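In: Here is the input, now give the coordinates:
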Amino acid sequence: MTIDQTIAGYDRNASAVVDQYESLQPENLHGWFSHLLPEAPGLVIDIGAGSGRDAAWFASKGYRVIAVEPSKNMRVEAQKRHDTPAIQWLSDRLPSLTATMALGVSADVVHLGAVWMHLPAADRTRAFRKLVSLTRSGGLIVMTIRDGVEDQGRGFHAVDVEDIENLARAHGLVVLPRQKVADLLGRKDVQWHQIALRLPDDGTNALPILRHIILNDSKTSTYKLGLLRALCRAADGAAGMAKDQGDDHVAVPLGLVALNWLRLYLPLLAADLPQSSLNIKGGERLDFCKESTRAILAGVVPAINLRPGATFSSQDTKIVHSALKAAAVTIRDNPAHFTTYAKGGAIFPYVAGSKTWSCGTLTLDATYLASFGALLVPRDIWRAMQRYSAWIEPSIVAEWIRIIKGYAQRMTRTLNDGAIAAAMTWIEPDRDVAIARTRALSLMDQGSLYCVWSGKQLTTQTLDMDHAFPWSAWPCGDLWNLMPSHRALNQKKKKDKLPTADLLSRSRDSVLSWWRDAYERADHLAPQFISEAKTSLPTLWQNDGLELGDIFEGMRFQRLRLWRDQQIPEWDGL
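Out: Numbers count the residues shown, from 1 in each chain. Have a look, this model is predicted:
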């Protein structure tokens, strides 16, 4: 059954359907999300408003409501029953919502009650984009979806709730806990999924600007998306390199952005995925794809080694430096230059650096990466990337994939979805604890080694190297984040939990002692330990006389950020 046929069915049976809908008390239907609603007054768009029951409930709470209903007879019946100036009725339909979009409004709440299953699967991605466009920052999308098998005779299409959640994440929405409930009309074969999604808002205009760049800004290549994703990666994993630039900006080393850029694009080039309408094959016609980039692509220098703190020697230095320079110039002259505010002016202006490297050993530290110059990132956008990268990045990836497929379609090329997904995955270094474990075993041979969390003496049989901040939430294998821990405690109690602030404070002496013995007194590891800490921990970048206590304070700040922004479950050592 088509959508037109479904609407015609509601027209024929409007009176009976309205009676059935109105037999249910809205308080019983909507209690599950009422605590999520913003303070009235506000604007609600009720899509598929039906009998007007839900629109009237929102109106009774003090909200203004746009009730969208494609069935003429349903609208007539609804207006008779709920005649109030707080509700304005509109004839419109999914997936286009042409009339609704033309209003140019954004709602605090977009509500769809028993509507989504009427949409064929092929229309849902388009429809969801429209719902997001209608939702203001901080707003809610609330959906009640019938669970059950497909019933074409009644205009029902099967719905996988996880598909909706994936769409939400791809558009940068937060998926709130969902639930499955029984049918209030008493139908034993009918159940309903209750889903609430929130469009994040940090109280600034940062997220709308980012959404505009991702979803609406004109693009002749994927470069703008590459820039945003490279910055997100910097904000999440290397925020220690960002430097204050007045009150309104932070200066992010362009070399760091270029480093992330290469990490992002190399798998795409290896998979031969087009990155512009002119990029026919491999790296052809891509500004940054020079001889050095192709050398890395060919495996002369493993791409996984392109990470902050890595050191290169011999012939590899010229390849890495040249590839980073090409990427930096491309970023500076293309996406950073053409990503602008609506009224003009670059969002990420460039400031020049000073060339400090000459042929020889090359370490990708803050000084070297800053020698390429810096991008000035508005502080609100940088903060949003730090706080919401877990939601921003999936929306960048989803749009990037959509654009790649569009380029391929115009080239009459067929792409494999699995290959695209694999190439878009950010590859982290292996979860390698070998260096830290070797130091732990060495210290054990020399005397005693103790669990930093419990104080228990460790043996070779009970030693585990624990990621203090769990890898599953924040994949960081830096030396400072690897702690000797008792195996039973690590595997049965701590697991993927974050140490509480109290536990971290109580463990301060044990952590400092481990760092001092394992790294500070090991001349060959001390520079790596310091470089990694400066890169990934806040507040340390400009501290030349860095002490272990400073690193511990940076660790405490990072723990606070992970706890606040990712809401990782905590463990207090018990």
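In: Let me see the mean pLDDT of the helix or strand harbouring Leu264.
Out: When elements are assigned from DSSP states H and E, Leu264 belongs to helix 254-270. The pLDDT scores in helix 254-270 average 95.
In: Summarise which helices and strands it is packed against.
Out: Packing partners of helix 254-270 (3 or more C-beta pairs under 8 Å, 6 or more residues apart in numbering; DSSP states H and E): helix 223-237, helix 291-297, helix 316-333, helix 366-370, strand 374-378, helix 417-424. Every residue, glycine included, has its C-beta placed from N, CA and C.
In: for the ones you listed, which one sits closest to Val161?
Out: helix 417-424 (20.6 Å; C-beta to C-beta).
In: before we move on, back to that, next, the angle from the helix holding Leu264 to helix 316-333.
Out: 100 degrees (axes from the mean of the first three to the mean of the last three C-alpha atoms, to 10 degrees).
In: And helix 254-270, how far out from the chain middle?
Out: 18 Å (C-alpha atoms, centre = their mean, to the nearest Å).
In: Confirm Leu94 sits in a helix?
Out: No. Assigned with DSSP: H, G, I helix; E, B strand; the rest coil, Leu94 falls outside any helix and is coil.
In: any idea which helix or strand carries the closest residue to it other than its chain neighbours?
Out: Counting by C-beta to C-beta, 6 or more residues apart in numbering, Ala127 is the residue found nearest to Leu94 once chain neighbours are left out, at 4.8 Å. Counting by DSSP H and E, the element that carries Ala127 is helix 121-133.
In: Show residues contacting that helix.
Out: The contact list for helix 121-133 (C-beta atoms under 8 Å, 6 or more residues apart in numbering) reads 3, 47, 94-97, 100-101, 106, 110, 112, 116, 119, 141, 157-158, 163-164, 167-168, 171, 173, 199, 211, 215.
In: cool, and stretch 403-423?
Out: 219, 222, 225, 267-268, 270-271, 273-277, 279-280, 401.
In: Show me which positions of it end up buried.
Out: Neighbour-count burial for stretch 403-423, counted by 16 or more other C-beta atoms under 10 Å, picks out 403-405, 407, 415, 420, 423.
In: these two touch, right, Pro484 and Ser448?
Out: No. Pro484 sits out of contact with Ser448 when judged by C-beta atoms under 8 Å, with a separation of 11.0 Å.
In: who has more neighbours, those two?
Out: Pro484 (26 against 8; other C-beta atoms under 10 Å).
In: mind checking which helix or strand the spatially closest residue to the more buried one that is not a sequence neighbour is in?
Out: Closest residue to Pro484 apart from its sequence neighbours, by C-beta to C-beta, 6+ apart: Ala440 at 4.9 Å. Applying DSSP H and E as the criterion places Ala440 in helix 434-446.
In: buried stuff in that helix?
Out: Under 16+ other C-beta under 10 Å, the buried positions of helix 434-446 are 435-436, 439-440, 443-444.
In: Next secondary structure element downstream of it?
Out: strand 463-467.
In: who does that next one touch, helix- and strand-wise?
Out: Identification of packing neighbours for strand 463-467 by 3+ C-beta pairs under 8 Å, 6+ apart yields helix 434-446, strand 482-486.
In: what angle separates the longest one from strand 482-486?
Out: Interaxial angle, helix 434-446 versus strand 482-486 (the same axes, to 10 degrees): 50 degrees.
In: Which strands and helices lie in contact with helix 434-446?
Out: Checked by 3+ C-beta pairs under 8 Å, 6+ apart, helix 434-446 has strand 463-467, strand 482-486 packed alongside it.
In: same question for that helix, mean pLDDT?
Out: The model assigns helix 434-446 a mean pLDDT of 93.
In: Export only the CA atoms of it, formatted as CSV.
Out: Coordinates of each C-alpha in helix 434-446 appear next as CSV, following Å, rounded to 0.1, in the frame of the first residue of the first chain:
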residue,chain,number,x,y,z
ALA,A,434,54.2,-4.0,26.0
ILE,A,435,56.4,-1.1,27.0
ALA,A,436,54.6,-0.5,30.3
ARG,A,437,54.5,-4.2,31.0
THR,A,438,58.2,-4.7,30.4
ARG,A,439,58.9,-1.8,32.8
ALA,A,440,56.6,-3.4,35.4
LEU,A,441,58.3,-6.8,35.2
SER,A,442,61.7,-5.1,35.4
LEU,A,443,60.7,-3.3,38.6
MET,A,444,59.3,-6.5,39.9
ASP,A,445,62.7,-8.2,39.4
GLN,A,446,64.5,-5.4,41.2
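In: I would like the residues contacting that helix, please.
Out: 449, 458-460, 463, 465, 479, 482, 484, 517-519, 522, 525.
In: Can you select the buried ones from those residues in PyMOL?
Out: The buried residues among these can be selected in PyMOL (16+ other C-beta under 10 Å) with this line:
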select buried, resi 449+458+463+465+479+482+484+517+518+519+525
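In: so can I have CSV of the contacts of helix 434-446 showing distance to Arg285 and pLDDT?
Out: Putting the contacts of helix 434-446 into CSV (distance: C-beta to C-beta, whole Å; pLDDT from 0 to 100) gives the following:
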residue, distance to Arg285, pLDDT
Leu449, 56, 95
Leu458, 57, 95
Thr459, 60, 95
Thr460, 56, 94
Leu463, 53, 96
Met465, 46, 95
Leu479, 42, 94
Leu482, 43, 96
Pro484, 52, 97
Asp517, 54, 96
Ala518, 49, 95
Tyr519, 46, 95
Ala522, 48, 90
Leu525, 44, 91
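In: Let me know the secondary structure of the nearest residue to Ala235 once chain neighbours are set aside.
Out: Once flanking residues are discounted, Ala235 sits nearest to Met385: 3.7 Å by C-beta to C-beta, 6+ apart. Counting by three-state DSSP, the backbone at Met385 sits in helix.
In: Looking at the contacts of helix 121-133, which are in strands?
Out: Secondary structure from DSSP state E places 47, 110, 112, 141 of the contacts of helix 121-133 in strands.
In: could you dump these to JSON lines with neighbour count?
Out: Shown next, in JSON lines, are those (neighbours: other C-beta atoms under 10 Å):
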{"residue": "Ile47", "neighbour count": "28"}
{"residue": "Val110", "neighbour count": "28"}
{"residue": "Leu112", "neighbour count": "24"}
{"residue": "Ile141", "neighbour count": "25"}
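In: if I look at Asp92, how far off is Ala384?
Out: 32 Å (C-beta to C-beta, to the nearest Å).
In: Which one of these two is surrounded by more residues?
Out: Each of Asp92 and Ala384 has its neighbours counted (other C-beta under 10 Å); Ala384 has more, 25 against 20.
In: For that one, report the pLDDT, please.
Out: Value for Ala384, per-residue pLDDT: 85.
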